[in-house]
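Participant: how would this look folded up:
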Amino acid sequence: MLAALEQAPPAPHNSAVVIIGVDLAALNAFKLASKDEKESHILDRIIFVKTLDKLKEFSPAAIGIDFLYNKPRDPVTDAKLADAIKACGNVVVTGSWDFSSLADNPTWKAPIPEIAKC
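Facilitator: The predicted structure is shown next:
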């Protein structure tokens, strides 16, 4: 994923929207899945920092990230990700609804504050 972007020349400014899809097969192929049993298959956030830094060179109109950042990790890495999101200025991150606790009253899992305020 990141290797392909690093090899591509910067494009002139355009209004393209960049969405990078990552599935379990990609995580395993690039050995990016977490070995933590409680949080299996979680992509290291520093990979997103590097990817956002590279995507910024292409001047996309928007960048969408469909990964949940609702639990803090390493404070330094979380801050670096928040800084990368701010630097791009056009990143949309997701939250999620949790229907597991009360079927009639789902709860919203927002991104961690550092990322939500970007």
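Participant: scan the protein for its longest helix.
Facilitator: helix 75-88 (DSSP state H).
Participant: and the helix or strand following that one, what does it pack against?
Facilitator: Next along the chain after helix 75-88, taking DSSP states H and E as the criterion, comes strand 91-94. Using 3 or more C-beta pairs under 8 Å, 6 or more residues apart in numbering; DSSP states H and E, the elements in contact with strand 91-94 are strand 62-68. Any C-beta I mention is one placed from the backbone N, CA and C, and that applies to glycine too.
Participant: next, the angle from the helix or strand containing Val49 to helix 75-88.
Facilitator: Val49 is located in helix 45-56, with elements delineated by DSSP H and E. On the basis of axes from the mean of the first three to the mean of the last three C-alpha atoms, to 10 degrees, helix 45-56 is oriented at 20 degrees to helix 75-88.
Participant: how close does the closest residue to Ile46 other than its chain neighbours get to Glu114?
Facilitator: Nearest residue to Ile46, sequence neighbours excluded (C-beta to C-beta, 6 or more residues apart in numbering): Thr77, at 5.7 Å. Using C-beta to C-beta, to the nearest Å, Thr77 is found at 10 Å from Glu114.
Participant: just Asp104 next, same as before
Facilitator: Taking C-beta to C-beta, one finds Asp104 at 32 Å from Glu114.
Participant: who has more neighbours, these two?
Facilitator: Glu114 (18 against 5; other C-beta atoms under 10 Å).
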